[in-house]
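[1] generate a structure from the sequence data that follows.
(one chain, ligands or ions: 2)
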Amino acid sequence: MRVKFWGTRGSVPTPGPSTVRYGGNTSCVEVTTSRGTLLVLDSGTGIRELGLDLMARGKQVDGHLFLGHTHWDHISGFPFFTPAFIPGNRLRIYGARDLDRSLQDVLAGQMHYTYFPVPLGDLRADITFHELDEGELRVEDVRVRTQYLNHTAVTMGYRLEADNASVAYITDHEPYGLSLVPPGGETQPEVGRGLRGDFIHGGDQRLIDFVRGVDLLIMDTQYTPEEYQAKRGWGHSSTDYVTDLAVEAGVTRYALFHHEPTHPDDGVDAMVQYCRDRAAESGSTPLEIFGAQERQTIEL
Ligand SMILES: [Zn+2]
Ligand SMILES: [Zn+2]
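    Ligands and ions are numbered 1, 2, ... in the order given. Take a look at the predicted model:
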């Protein structure tokens with residue numbers, strides 16, 4: 001299984017000299033199995049260059065796009081995904097069922113003529129929509145499992161298994177337990193402490209079980225622990241929580257992902273170092289930790 005990051009940024013694209021290494025495009029990850037099955041996780045602005053890359057490979061595109069949720073930074077690249085315009089290509093789009101609109105309507109909405117010149121219905125590829133609940137499905141040679149996350153929109157986390165390897169894609173997500181502690185409230189536990197203690201929230205335990213033992217965990221690590229104190233309820237995780245969760249779940253390695261737009265490259269470097277130090281302190285078995293970089297490829 002090959003994983004390639006095409007967009008690693010959260011919230012909004014951040015081109016510029018301070019984000020060259022980790023990248024400025026928003027969420028998009030390509031997963032390819034040894035048999036050539038193509039899965040794409042999210043269609044942030046990173047999917048534009050993935051589309052050009054797929055076209056350059058000179059074959060018909062037949063792939064599966066899994067949307068974690070439909071905030072802009074996860075869908076706004078879709079209208080610029082060239083393979084969707086080409087007859088003969090095939091694209092199956094999956095995502096969580098929204099509260100009051102279909103997945104197709106949500107994507108069509110951002111392509112209304114007020115915002116974009118080509119409506120969704122005019123795309124020439126064969127495109128179908130598949131709404132998901134929690135559970136499991138088979139996509140060619142890939143076993144896909146789904147679990148809802150804790151975010152400000154209906155959001156799905158994914159676990160993909162193929163080629164005797166596994167990857168989990170958990171974004172956007174905020175801790176269950178600690179997001180319930182009001183800012184400035186009397187109880188201010190150290191973020192993540194619950195994961196090693198005895199008062200872990202059931203939702204966090206469920207997520208730990210979901211990602212247990214994966215070869216690669218790609219996870220929302222938008223904030224430092226200090227930043228998170230001021231951003232509770234915004235729907236994103238901090239480095240201490242994610243590190244503790246990864247340790248608890250016994251994952252082989254994890255990628256910091258959905259980088260905060262205001263964080264320059266050296267800021268992300270510092271977050272990676274913090275996570276490595278925290279994991280080492282836990283005395284856990286070796287856990288490889290890195291910051292996801294645009295165009296970086298991982299073989300699993
Ligand atoms: Zn996001
Ligand atoms: Zn979001």
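[2] closest point of the stretch 1-150 of the chain to ligand 1, which residue?
    Sorted by distance to ligand 1 under CB to the ion, the residues of the stretch 1-150 of the chain start with Asp73, at 4.3 Å. (C-beta placed from N, C-alpha, C; glycine too.)
[3] list the contacts for the nearest residue to that residue once chain neighbours are set aside?
    By the measure of CB to CB, 6 or more residues apart in numbering, the closest residue to Asp73 outside its immediate chain neighbours is Thr26, 3.9 Å from it. For Thr26, the contact set (CB atoms under 8 Å, 6 or more residues apart in numbering) comprises 7, 9-13, 44-46, 72-74, 76-77.
[4] closest to Gly157 among the residues you listed?
    Taking CB to CB as the measure, His74 is the one of the contacts of Thr26 closest to Gly157, at 12.7 Å.
[5] so the closest one is in contact with Thr45, correct?
    No: here His74 lies out of contact with Thr45, judged by CB atoms under 8 Å, at a distance of 10.0 Å.
[6] who wins for most neighbours among the contacts of Thr26?
    Neighbours were tallied for each of the contacts of Thr26 (criterion: other CB atoms under 10 Å), and the maximum of 31 neighbours falls on Gly7.
[7] need phi/psi at the residue of the stretch 201-300 of the chain at minimum distance from ligand 2.
    For the stretch 201-300 of the chain, the nearest residue to ligand 2 under the criterion CB to the ion is Gly235, separated by 5.8 Å. As for Gly235, its main-chain torsions (degrees, to the nearest 10) stand at phi 100, psi 20.
[8] interface residues of the chain facing ligand 1?
    If contacts are counted using CB under 5 Å from the ion, the residues of the chain sitting beside ligand 1 are 10, 73, 172.
[9] give me the subset of the contacts of Thr26 lying in strands.
    Under the assignment DSSP state E, the contacts of Thr26 contribute Gly7 to strands.
[10] nearest to Thr155 among the contacts of Thr26?
    For Thr155, the closest of the contacts of Thr26 turns out to be His74, at 9.0 Å, with distances computed as CB to CB.
[11] and that closest one, what is it in contact with?
    Remark: with contacts taken as CB under 8 Å, 6+ apart, His74 is in contact with 26-27, 42-44, 67-68, 172.
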